[in-house]
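J.: sequence and predicted structure, then a few things I'm wondering about:
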Amino acid sequence: MKILFIDPVFGISGDMMISALVDAGLSFENLKALLAAVPDIPDMRTVRLNQGILSGAHLEIGRSARHFSIAEMEEIIASLDVEQGVKDDALGMLAIIVNAEAKVHGVSRENVHFHELSHIDTIIDLASVAYGMRLIGADAVYSGPVPCGSGTISTSHGIIPNPPPVTLEILKGHELVFYPENLELTTPTGAAIVAYYARKQGRVPAFRELAKGYGIGTYQSSRPDVLRIFVGESDAPGYDEEVLIIETDIDDMEMEYLGAVIDRIRLSGAIDVVHFPISMKKSRTGIRISVTADASRFEDIVDTIFAETTTFGLRWHLSHRRILRREEETVSTSYGPVRVKKGFDRTGTVIKTHIEFDDVKAIADARNIPYREALELIKREIGLKAKGVTVSGRT
């Protein structure tokens with residue numbers, strides 16, 4: 001399986017993660033193209049910096065006074081010209097931060113004020129990291145213990161303990177290590193990256209290195225201000241996961257809201273959400289909502305279910321799931337580029353392929369043909385290409 005190991009030598013922030021991804025091979029020009037549609041995007045560049053004997057990439061972002069509300073940030077991310085999975089990941093990390101802020105300050109999600117996190121840098125961080133992580137396509141992400149400073153730091157809320165309460169809330173369940181440094185070593189955005197991607201349990205397995213990257217910071221300390229990432233290939237069986245199944249049954253909610261509620265539950269960190277009709281007491285027809293989730297997202301998902309539905313209770317139990325190792329490639333066809341997902345069994349043999357529906361839909365809509373017809377045309381051309389047959393262009 002393909003893995004990514006985050007080694008937060010001296011903490012983690014959004015810009016340091018971007019820097020490490022760029023150093024590992026992510027195209028900075030592609031990142032700039034992705035972010036071009038963000039309003040008032042500041043100048044950005046990467047430079048080489050050293051921390052002692054270590055050299056790596058450092059992201060420089062120009063000054064900007066532009067701030068956004070949470071709703072504006074969600075709208076901007078959702079409008080980016082990039083595959084939906086990247087948007088989902090960026091919105092998922094944003095939801096982790098918003099939910100943690102709401103819990104720490106004892107307010108509803110709608111009443112969260114981001115202060116420093118409302119800055120345009122947060123959009124840059126979340127979208128860029130989501131884009132880079134999707135391109136890597138790791139089957140599993142691991143992180144070393146997350147470093148935290150000590151003492152106090154100054155924020156828009158005033159003087160607060162270091163690390164900030166919101167950072168600790170986001171990292172609940174992850175291993176932490178505290179250094180006697182009066183510095184914010186791990187930011188809320190950096191914490192959200194770890195919380196969203198990295199497994200809480202299990203050590204990084206032995207792996208063969210495919211790539212590595214160093215994100216270099218500017219803190220001067222007895223320890224190097226470095227975030228290091230490794231991309232590797234491992235023979236460890238990493239496709240079995242322990243998950244939670246969270247369920248609730250509802251028979252008194254306005255059903256027109258159900259779809260929107262399911263979306264909110266997904267954004268709170270669910271792996272998957274399904275719902276189906278059931279027969280409840282007194283023969284009333286109801287709906288069961290069943291959520292598959294990592295244990296790290298339990299509280300956020302439970303809070304969302306209680307806030308968004310009429311239920312007074314729910315239940316959960318531990319379960320296991322097995323997933324295939326997956327890779328995604330973009331195939332050029334005469335109809336346009338399409339993404340194809342491949343699934344591999346334990347021996348590394350491709351046993352499943354799936355053509356991304358959004359790409360089929362775009363091609364069908366552009367040509368005003370039925371979706372099924374577009375899918376069959378694309379399947380046929382990809383099959384011919386696999387056999388070495390040259391396919392001519394089509395109109």
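T.: Yes, it's here. Quick caveat: nothing in here was measured; it's all calculated off a predicted structure.
J.: residues in contact with residue 341?
T.: By Cβ atoms under 8 Å, 6 or more residues apart in numbering, residue 341 lies in contact with 326-328, 353-356. In this view, the C-beta of every residue, glycine as well, is placed from N, C-alpha and C.
J.: can you say which of these are buried?
T.: Buried subset of those (neighbour count, 16 or more other Cβ atoms under 10 Å): 326, 355-356.
J.: so how far is stretch 178-185 off the chain centroid?
T.: 26 Å (Cα atoms, centre = their mean, to the nearest Å).
J.: other SSEs contacting the longest helix along the chain?
T.: In the chain, with assignment by DSSP state H, the single longest helix is helix 84-105. In terms of contacts (3 or more Cβ pairs under 8 Å, 6 or more residues apart in numbering; DSSP states H and E), helix 84-105 is packed against helix 70-78, helix 120-136, helix 165-170, helix 188-197, helix 258-267, helix 298-308.
J.: can you do 6 Å?
T.: Packing partners of helix 84-105 (3 or more Cβ pairs under 6 Å, 6 or more residues apart in numbering; DSSP states H and E): helix 70-78, helix 120-136, helix 165-170, helix 188-197.
J.: columns mean pLDDT and mean neighbour count on top of the ones you listed, output as TSV?
T.: Shown next, in TSV, are the helices and strands packed on helix 84-105 (pLDDT from 0 to 100; neighbours: other Cβ atoms under 10 Å):
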stretch	mean pLDDT	mean neighbour count
helix 70-78	92	16
helix 120-136	95	23
helix 165-170	93	22
helix 188-197	95	27
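J.: distance check, the residue of the chain positioned farthest from its centre against residue 251.
T.: Here the chain reaches farthest from its C-alpha mean at residue 282, the gap being 42.6 Å by Cα atoms, centre = their mean. Counting by Cβ to Cβ, to the nearest Å, the gap from residue 282 to residue 251 is 9 Å.
J.: same question, residue 109
T.: In terms of Cβ to Cβ, residue 109 sits 26 Å off from residue 251.
J.: same question for residue 192.
T.: 36 Å.
J.: again, but for residue 260
T.: For residue 260, the distance to residue 251 - Cβ to Cβ - is 19 Å.
J.: between those two, who's got more neighbours?
T.: The residue with more neighbours, out of residue 260 and residue 251, is residue 251; 15 against 10, by other Cβ atoms under 10 Å.
J.: show me the contacts for the more buried one.
T.: Contacts for residue 251 were tallied using Cβ atoms under 6 Å, 6 or more residues apart in numbering; they are 280, 284, 286.
J.: for residue 277, see how far away it is.
T.: Residue 251 is 10 Å from residue 277, by Cβ to Cβ.
J.: count of neighbours near the nearest residue to residue 196 once chain neighbours are set aside?
T.: Leaving aside its sequence neighbours, residue 196 sits nearest to residue 93 (Cβ to Cβ, 6 or more residues apart in numbering; 4.8 Å). By the criterion of other Cβ under 10 Å, residue 93 has 28 neighbours.
J.: same question, residue 21
T.: So residue 21, with other Cβ under 10 Å, has 29 neighbours.
J.: doesn't it fall inside a helix?
T.: Yes: assignment of residue 21 by DSSP: H, G, I helix; E, B strand; the rest coil places it within a helix.
J.: how near is it to residue 146?
T.: In terms of Cβ to Cβ, residue 21 sits 18 Å off from residue 146.
J.: ok, now residue 344?
T.: From residue 344 to residue 146 the distance is 31 Å (Cβ to Cβ).
J.: the two: who's more crowded?
T.: Neighbour count, other Cβ under 10 Å: between residue 344 and residue 146, residue 146 has more, with 24 against 17.
J.: touching, that one and residue 177? I think so.
T.: No: using Cβ atoms under 6 Å as the test, residue 146 is too far from residue 177 to be in contact (7.1 Å).
J.: who's in contact with the residue nearest the centre of the chain?
T.: With distances taken as Cα atoms, centre = their mean, the residue of the chain nearest its centroid is residue 89 (3.2 Å). The contact partners of residue 89, by Cβ under 6 Å, 6+ apart, come to residue 130.
J.: what separation do you get for it and residue 43?
T.: Distance, residue 89 to residue 43, by Cβ to Cβ: 25 Å.
J.: which pLDDT value goes with residue 392?
T.: In this model, residue 392 is scored at 54, pLDDT.
J.: check residue 117 too.
T.: Confidence at residue 117, expressed as pLDDT, is 67.
J.: got it, and residue 239?
T.: Predicted confidence (pLDDT) for residue 239: 60.
J.: ok, and the closest non-adjacent residue to residue 141?
T.: Excluding the flanking residues, the one nearest residue 141 by Cβ to Cβ, 6+ apart is residue 197, at 4.2 Å.
J.: so the one you found is in contact with residue 140, correct?
T.: No: shown here, residue 197 and residue 140 do not form a contact pair, counting by Cβ under 6 Å, at 9.4 Å.
J.: give me the below-cutoff pLDDT ranges for this protein.
T.: For the chain, the stretches flagged by pLDDT under 70 are 110-111, 113-117, 157, 201-202, 237-240, 388-395.
J.: give the buried residues for the lengthiest strand in it.
T.: Scanning the chain for the strand with the most residues, using DSSP state E, yields strand 240-250. For strand 240-250, the neighbour count (16+ other Cβ under 10 Å) marks 241, 243-244, 246, 248-250 as buried.
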